[in-house]
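J.: from the sequence below, what's the structure:
(one chain, ligands or ions: 1)
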Amino acid sequence: MKEFRKDFFWGASTSAYQVEGAYQEDGKGLSTQDIKCVVPGLSDCKIASDHYHRYREDIALLAEMGLKTYRFSIAWTRIIPDGDGKVNPKGIAFYNGLIDECLKYNIRPLVTMYHFDLPYELEKKGGWFNRSTVNAFVRYAKVLFENFGDRVKYWLTINEQNMMILYGAAIGTNSGLTEKAQSALYQQNHHMMLAQAQTMKLCHRMLPDAKIGPAPNITEVYPKTCKPQDVLAAQNFNSIRNWLYLDMAVYGRYNPVAWSFMEKKKITPHIQPGDMEILQGASPDFLAFNYYCTATVSGNKAERGDQGGDQQIAVGEPGFYSGENNKYLEKTEFGWEIDPMGLRTTLRSVYERYHLPVIITENGLGAYDKINENGEIIDDYRIEYLRKHIEQARLAVQDGVDLFGYCPWSAIDLISTHQGFSKRYGFIFVNRDEKSTKDLKRIRKKSFFWYKKVISTNGSDLSNL
Ligand code: BG6
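T.: Numbers count the residues shown, from 1 in each chain. Sure thing, here's the model as predicted:
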């Protein structure tokens, strides 16, 4: 059995708006998430896990767990509060502190530049629909490279661009848009692609020893049966869920099936002269992707469009594919299917298609964790979930996939995209709930000790404690 590489990036992930809190402190501007990501009755991002004030304690815990990598995102609104104006020195200082704290423990920072939290001032001007946001993003990227490029060697451009286009309503990135506005979404998509391409190019120019890649949510799509219509539907969904994004990032071209889908629906983006050259002129050094479970579809008639779904629940596109349950898979408490073997097949598909090193930047189990009478959190279900996925990741390595890291979601408990604080993913429990922030005390879950052992044995001992 092949082993994980000696320098395997054993990590864990968070994103700024879901973990930091301090949403208006030290000059930070408001983001779309500060405005929109408030589901009535559920917690919001104002305090979140208070990582902003407690990052030293948090990083020390991550170091104790043995983490080699910490994947976090930078809030654009801390660096440039209105998205395109003055740089905020206090924002730079905060991330300098966070990065230095990681490096103190030899934890490699893996930085996402943008994770769902567009500056609200840019959103007011049309957000990604407005082409000037492309320039604003590239300028923001330049500020990041100038300030942090001496220490950050691994960059992720945009988190889950595909989910922002398909399920933006659920994750709070396009609450104003309806299905009718699909053409606007694909225009936004085009602009994000341009921003990403220019940023990758800039990174290579400014930081020759750094590496950069995209971070979509990628998953194998199964046909419900071997009926040819179902197989076709699976290819269809694959094209607009997965390959549209990766084909563009790697080859700088629109996936043909996705393009024909857009043509048929009359939602093709406006492409300016020179755009395709920009897109073709950039390439990633590696591919990162988030994986939670697979998708299953049929060629049945879908009733409504995908805007009713979420990151892992496909609804369908009338005439293109219909989302289906997979009767072979169990589900989490929150209705997401669990498919460890799907991680192996997804890794194979991505590697066979693009031949680039791969890192998993999210994978994890959202659950209602509870503290027992001894003050412990015995999350065996999470250990089981992660164990099975790591096993399959190792089998993918055996299959020849050049996998260089695994960063489960999430390092510590944080706010879910649309299901509040009760849906927990972390190795570290944060003592708060939906209604009260309590004392925000950090408590190591059982999975914390288990993951520590996994890391210290480079993934060769996955047994429960
Ligand atoms: C991914 C996102 O889609 O899934 C994260 O990148 C998110 O931001 C994670 O939190 C889990 O999803 P959810 O909806 O359970 O928070």
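J.: run through the bridge partners of P119.
T.: S31 (DSSP bridges).
J.: and for it, the neighbour number?
T.: A count of neighbours around P119, defined by other C-beta atoms under 10 Å, yields 29. Heads up, the C-betas are built off the backbone N, CA and C, glycines and all.
J.: how close does it sit to the ligand?
T.: Computed with C-beta to the nearest ligand atom, to the nearest Å, the distance linking P119 and the ligand is 18 Å.
J.: which residues sit in contact with the closest residue in space to Y52 that isn't next to it in sequence?
T.: Closest residue to Y52 apart from its sequence neighbours, by C-beta to C-beta, 6 or more residues apart in numbering: A22 at 3.7 Å. By C-beta atoms under 8 Å, 6 or more residues apart in numbering, A22 lies in contact with 28, 47, 50, 52-53.
J.: what comes into contact with stretch 371-390?
T.: 291, 338, 340, 343, 363-365, 367, 369-370, 406, 408, 429, 431, 443, 445-447, 450-451, 454, 459, 462, 464.
J.: try it again at 6 Å.
T.: 340, 343, 363, 365, 369, 408, 429, 445-447, 450, 459, 462, 464 (C-beta atoms under 6 Å, 6 or more residues apart in numbering).
J.: quick check: phi and psi at the residue sitting nearest the centre point of the chain.
T.: By C-alpha atoms, centre = their mean, the chain has its centre lying nearest to N159, at 4.4 Å. Backbone geometry at N159, expressed as degrees, to the nearest 10, gives phi -80, psi 130.
J.: may I ask you to confirm that it is in contact with L110?
T.: No. Counting by C-beta atoms under 6 Å, N159 sits too far from L110 to count as a contact (11.7 Å).
J.: name the nearest residue to the residue nearest to the centre of the chain, sequence neighbours excluded.
T.: Nearest non-adjacent residue to N159, counting by C-beta to C-beta, 6+ apart: H115, 4.0 Å away.
J.: number of nearby residues for the residue lying closest to L207 once chain neighbours are set aside?
T.: Spatial nearest neighbour of L207, chain neighbours left out: G149 (4.4 Å); criterion: C-beta to C-beta, 6+ apart. As a burial measure, G149 scores 16 neighbours (other C-beta under 10 Å).
J.: again, but for K266
T.: 8.
J.: before we move on, what about the one 5 residues further on?
T.: Neighbour count for I271, taken as other C-beta under 10 Å: 13.
J.: the chain should start at 153 in everything you say after this.
T.: Okay, residue one is now 153; in that scheme the one you just asked about reads as I423.
J.: who are the neighbours in contact with P261?
T.: Counting by C-beta under 6 Å, 6+ apart, P261 has contacts 251, 254, 304.
J.: if you set the cut-off to 10 Å instead, what comes out?
T.: By C-beta atoms under 10 Å, 6 or more residues apart in numbering, the residues touching P261 are 163, 221-224, 226, 247, 250-255, 300, 303-307.
J.: buried among those? Make that a PyMOL selection.
T.: Buried residues within these, by 16 or more other C-beta atoms under 10 Å, are selected in PyMOL with:
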select buried, resi 163+221+222+223+224+226+247+250+251+253+254+300+304+306+307
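J.: inside helices: which ones of the contacts of P261?
T.: Members of the contacts of P261 lying in helices (criterion: DSSP state H): 247, 250-255, 300.
J.: report the two of those residues separated the most.
T.: E253 and F300 (13.1 Å; C-beta to C-beta).
J.: let me see the mean pLDDT of the helix or strand E275 falls within.
T.: Take DSSP states H and E as the rule and E275 turns out to sit in helix 272-276. What helix 272-276 shows for mean pLDDT is 94.
J.: which residues touch it?
T.: 181-188, 228-229, 232-237, 279-282, 284-285, 288-289, 292, 325-326, 328.
J.: residue contacts, the residue in the stretch 153-302 of the chain positioned nearest to the ligand?
T.: Using C-beta to the nearest ligand atom, the closest approach of the stretch 153-302 of the chain to the ligand is made by S167 at 5.1 Å. By C-beta under 10 Å, 6+ apart, the contact list for S167 reads 185, 200, 223-227, 264, 266-269, 311-312, 514, 561-562, 566-567, 569.
J.: what parts of the stretch 253-402 of the chain come near the ligand?
T.: 311-312, 315, 369 (C-beta under 6 Å from any ligand atom).
J.: can you rerun that using 5 Å?
T.: Residues of the stretch 253-402 of the chain lying close to the ligand (C-beta under 5 Å from any ligand atom) are E312.
J.: quick one: is stretch 186-204 near the ligand?
T.: No. Counting by C-beta under 5 Å from any ligand atom, the ligand has no neighbours in stretch 186-204; the shortest distance is 10.3 Å.
J.: could you point out the longest helix in the chain?
T.: For the chain, the helix that runs over the most residues, judged by DSSP H, is helix 334-358.
J.: could you dump stretch 592-606 to PDB, C-alpha only?
T.: What follows is stretch 592-606, C-alpha atoms only, in PDB (Å, rounded to 0.1, in the frame of the first residue of the first chain):
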ATOM      1  CA  LEU A 592     -17.000  30.700  23.900                       C
ATOM      2  CA  LYS A 593     -14.600  28.300  25.700                       C
ATOM      3  CA  ARG A 594     -12.700  25.900  23.500                       C
ATOM      4  CA  ILE A 595     -13.000  22.200  24.300                       C
ATOM      5  CA  ARG A 596     -11.100  19.500  22.500                       C
ATOM      6  CA  LYS A 597     -13.500  16.900  21.100                       C
ATOM      7  CA  LYS A 598     -12.600  13.200  20.900                       C
ATOM      8  CA  SER A 599     -11.900  13.700  17.200                       C
ATOM      9  CA  PHE A 600      -9.200  16.200  18.100                       C
ATOM     10  CA  PHE A 601      -7.200  13.400  19.800                       C
ATOM     11  CA  TRP A 602      -7.900  11.000  17.100                       C
ATOM     12  CA  TYR A 603      -6.800  13.400  14.300                       C
ATOM     13  CA  LYS A 604      -3.700  14.100  16.300                       C
ATOM     14  CA  LYS A 605      -2.800  10.400  16.100                       C
ATOM     15  CA  VAL A 606      -3.700  10.200  12.400                       C
END
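J.: and it, what's its mean pLDDT?
T.: pLDDT averaged over stretch 592-606 gives 98.
J.: could you do stretch 417-429 as well?
T.: 96.
J.: can you list contacts of it?
T.: Outside stretch 417-429, the residues that touch it by C-beta under 10 Å, 6+ apart are 283, 286, 333-343, 345-346, 349, 404-406, 411-414, 430-431, 457, 469-472.
J.: now the strands: where do they sit in the chain?
T.: For the chain, the strands defined by DSSP state E cover 161-165, 221-225, 260-266, 306-311, 363-367, 373-375, 439-442, 447-450, 468-469, 473-476, 510-514, 555-558, 580-582, 594-596.
J.: weakest of these in terms of mean pLDDT?
T.: Taking the mean pLDDT of these, strand 468-469 comes last: a mean of 88.
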